[in-house]
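1. Got a predicted model here, sequence first, then my questions.
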Amino acid sequence: DVKVTQSSRYLVKRTGEKVFLECVQDMDHENMFWYRQDPGLGLRLIYFSYDVKMKEKGDIPEGYSVSREKKERFSLILESASTNQTSMYLCASRQGIPYEQYFGPGTRLTVT
Amino acid sequence: AQKVTQAQTEISVVEKEDVTLDCVYETRDTTYYLFWYKQPPSGELVFLIRRNSFDEQNEISGRYSWNFQKSTSSFNFTITASQVVDSAVYFCALSPIYNQGGKLIFGQGTELSVKP
């Protein structure tokens, strides 16, 4: 079974803090993704990575950056957290196009 | 433009009823994939099915079935004899293969509530 894990289920941070969300997959997948999910807006792609050290902007990259130093790990970084970044963050991985994405359990981030 | 529309925001049924979740998509691509995911209250999206644009055969898996009609750009999902455990948000998604890196374009989701 594919396993995608995220470092925290719930996280509370203060405005201006630097926040790291970690995602690890154990299936040697090439592609990894970060989404945020908000009520009424569905899932929106923040960043994705085709391979180690490669990254591409998604639909809403502003205020975020990513890092992929190892194939199994994809980190999402909020350089200076703001209240409008309070959301559910979902990580996913995929073997490659056109295969399905497998999702982690999500991190519910609250920025106060 | 690529778009997925799930017009039903919420559906409520009583256990053992059949229920169909609608999904309509827009794409100019001739090659694409369609997906359904389930998101139970725990939050994790669970993959249910993948279908490519060249395969219009209906699919059945236990109580789940999917009807893909290219002529109407629809990929509907039916749950037969619904159960309380089917309560979740269901997402339909489109993946254009040659554009945008095969990323998933999600619909807004349909929240299904199955009452005992």
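-> Happy to help now that I have it. Numbering: from 1, shown residues only, chains lettered A, B, ... in the order given.

2. all contacts plus neighbour counts: C-alpha atoms, from now on.
-> Fine.

3. Below-threshold pLDDT in chain A: ranges please.
-> Residue ranges of chain A with pLDDT under 70: A:1-2.

4. Might you calculate how far stretch A:29-49 sits from the centre of the chain?
-> 6 Å (CA atoms, centre = their mean, to the nearest Å).

5. Now that stretch: buried residues?
-> Residues A:29-37, A:43-49 are the ones in stretch A:29-49 that count as buried (16 or more other CA atoms under 10 Å in any protein chain shown).

6. Spell out which parts of chain A neighbour chain B.
-> Within chain A, the positions adjacent to chain B are A:40-43, A:97-106 by CA under 8 Å from any CA of the partner chain.

7. Which members of these occur in strands, if any?
-> Taking DSSP state E, the ones among these that sit in strands are A:42-43, A:101-103.

8. Excluding covalently adjacent residues, which one is nearest to A:G40?
-> Spatially, and ignoring its direct neighbours in sequence, A:G40 is nearest to B:Q108 (7.0 Å; CA to CA, 6 or more residues apart in numbering or on different chains).

9. What residues does chain B have near chain A?
-> Applying CA under 8 Å from any CA, one finds that chain B approaches chain A through B:33, B:35, B:42-47, B:50, B:95, B:97, B:101-102, B:106-109.

10. Buried subset of those residues as a ChimeraX selection?
-> Listed next is the ChimeraX selection for buried residues among those, using 16+ other CA under 10 Å:
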select /B:33,35,43,44,45,46,47,50,95,97,102,106,107,108,109
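
11. Let me see the contact set for the residue in chain A that chain B sits nearest to.
-> Proximity of chain A to chain B (CA to the nearest CA) peaks at A:P105, 4.3 Å away. With contacts defined as CA atoms under 8 Å, 6 or more residues apart in numbering or on different chains, the neighbours of A:P105 are A:4-6, A:9, A:90, B:42-45.

12. Over to B:S53?
-> B:30-34, B:70.

13. Now that we have those, which of them are buried?
-> B:32-34.

14. now chain B, which segments are flagged as low pLDDT?
-> Ranges of chain B meeting pLDDT under 70: B:98-101.

15. My read is that B:E44 contacts A:T107, right?
-> No - using CA atoms under 8 Å as the test, B:E44 is too far from A:T107 to be in contact (9.9 Å).

16. quick revisit: mind listing which of the contacts of A:P105 are in strands?
-> Secondary structure from DSSP E places A:4-6, A:90 of the contacts of A:P105 in strands.

17. Put the buried members of those residues into a ChimeraX selection.
-> One line in ChimeraX is enough to select the buried ones among those; burial here means 16+ other CA under 10 Å:
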select /A:4,5,6,90
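
18. check contacts around the residue nearest to B:L21 when sequence neighbours are not counted.
-> What sits nearest to B:L21 in space, not counting adjacent residues and going by CA to CA, 6+ apart, is B:F77, at 5.1 Å. Listed by CA under 8 Å, 6+ apart, the contact set of B:F77 reads B:20-23, B:64-67.

19. so which of the residues you listed comes closest to chain A?
-> Closest to chain A, out of all of these and judged by CA to the nearest CA, is B:C23, at 14.4 Å.

20. Next, that closest one: phi, psi?
-> phi -140, psi 120 (degrees, to the nearest 10).

21. same thing with A:E62?
-> phi -60, psi 130.
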